[in-house]
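In: Take this sequence and fold it.
(one chain, ligands or ions: 1)
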Amino acid sequence: MNIATISDLRAPAKRRLPGFVFDYLEGGAGMETGMRRNVSAFDEIRLLPRMLVNIEKRDLSTTLFGHRWALPFATAPIGFCNLMCPGGEEAIARAAVEAGIPCILSTAGTTALEDYARIAGQNAWFQLYVSRFDEITNDLVERTDRTGYEVLVVTVDIPLAARRPRDIRNNFSVALKISPKLVWELVSHPTWSLATLSAGIPKFENMERYMKATGTKQVAGFVSSQVSGSFDWEALKRIRDRWKRRLVVKGLLAADDAVRARDLGCDGVVISNHGGRQLDSLPAPIEVISEVRAAVGPKFPLILDSGIRSGEHIAKALAAGADFCLIGRAMMYAVSALGPKGAKLALEILGDELSRTLAQIGRTDLANLKAAAPIVSAR
Ligand SMILES: Cc1cc2nc3c(=O)[nH]c(=O)nc-3n(C[C@H](O)[C@H](O)[C@H](O)COP(=O)(O)O)c2cc1C
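Out: All right, here's what the predicted structure looks like:
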């Protein structure tokens, strides 16, 4: 069967990955209603078309943080990325470079930030999880600076590790414990198992050195045990003072928080609920983006993620007030289903759908998509 949409990639991803890996990729917090709402909230919105517009030439490019990007979205930071697809993180970065968009490496990624910058150059942004050990945070910021990253994305929506029922039920831990169930999972998913065995079990390449320094031997739980519950606005200010280039805060939902981040000197924010992975009852970012836009004013960069599964979703996010989007699970379904070659396909599908959406509603570029406010809410 031909792959026509991102949704077509979910079932093959589920077949190819062992159950506990697919659950790590897809699982949300609580009853997962928030995760589902992130997607369904997009479906509540309609786009009012204008007809008899010459749409033959369409331009999807946009400027953000001093760069002209070919498309208005980036690949989201994904912890433990290569668990879902050996070589996936590098393939995603290469596909992003080829497509002319940014790609964001997670602190909990499986490629060292120095290597990632060699692959993705100026397209690479780094996402920071603030550690409860200041030395680790400071060293990560210094390494990011030394390596020449232009954009540091600080994720702030993990005040503590989430309770994700699927991971609890699966007893998911990054140090795999041999059990009959695990052996069965590996044997019954040979494509994934062989690829993972030949590439080697992925490691937290950015954090390894600190694990030694802090005397931690277990990879399991290391990253979540590092998250600082005391991280607050003061601490963010200290990072702002230390990091001289573009600083983006990821994981805000309240308009007042976005205003505060702007006033503190941040260069942009990601309106996100972490793909519904932290708490069930958070609003979907698409439900709050207009209010945030009204509060921060027309010029302040707003990026939106959580629930984006199509180019039409991206068009709706931009029409509602975002400047840019991040693609999380949409990309991970693709590389999980098809291996590294899925990265390029995911970006092609999203770009083509976005371009066709603009044409169908009589818009030729993103400025004119936003200015004409074509949104009609179904509610
Ligand atoms: C498997 C997985 C791992 C993730 N790891 C991180 C991470 O390390 N850092 C981070 O800031 N966000 C992380 N996120 C959240 C994404 O960056 C993004 O906010 C989210 O996936 C967007 O929602 P969507 O998956 O519905 O598109 C992760 C998401 C998933 C699905």
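In: C-alpha only now, for contacts and for neighbours.
Out: Noted.
In: interface residues of the stretch 251-379 of the chain facing the ligand?
Out: Ser272, His274, Gly275, Asp305, Ser306, Gly307, Ile308, Ile327, Gly328, Arg329 (Cα under 6 Å from any ligand atom).
In: Can I get those in CSV including neighbour count and secondary structure?
Out: Written out in CSV, the entries for these read as follows (neighbours: other Cα atoms under 10 Å; DSSP: H, G, I helix; E, B strand; the rest coil):
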residue, neighbour count, secondary structure
Ser272, 28, coil
His274, 26, helix
Gly275, 27, helix
Asp305, 29, coil
Ser306, 28, coil
Gly307, 30, coil
Ile308, 26, coil
Ile327, 25, strand
Gly328, 21, coil
Arg329, 22, helix
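In: Which two among the residues you listed are spaced furthest apart?
Out: Across these, the longest distance by Cα to Cα is 13.4 Å; it joins Ser272 and Arg329.
In: remind me which residues of the stretch 101-250 of the chain are low pLDDT?
Out: 174-175, 213-224 (pLDDT under 70).
In: Closest to Ser61 out of the residues of the stretch 251-379 of the chain next to the ligand?
Out: Checking these against Ser61 by Cα to Cα gives Ile327 as the nearest, at 16.6 Å.
In: That closest one touches Pro72, doesn't it?
Out: No. The pair Ile327 and Pro72 does not pass the contact test of Cα atoms under 8 Å, sitting 10.6 Å apart.
In: can I assume Glu348 sits in a helix?
Out: Yes. Following the definition DSSP: H, G, I helix; E, B strand; the rest coil, Glu348 is counted among the residues of a helix.
In: For it, give me the pLDDT.
Out: According to the per-residue confidence, Glu348 scores 98 in pLDDT.
In: Against the ligand, how distant is it?
Out: Here the criterion is Cα to the nearest ligand atom, to the nearest Å. By it, Glu348 lies 16 Å from the ligand.
In: before we move on, back to that, is it possible to export the residues of the stretch 251-379 of the chain next to the ligand to a markdown table including pLDDT?
Out: Listed next are these as a markdown table, based on pLDDT from 0 to 100:
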| residue | pLDDT |
| --- | --- |
| Ser272 | 99 |
| His274 | 98 |
| Gly275 | 98 |
| Asp305 | 99 |
| Ser306 | 98 |
| Gly307 | 98 |
| Ile308 | 98 |
| Ile327 | 98 |
| Gly328 | 98 |
| Arg329 | 98 |
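In: That's all I had, so thanks and see you.
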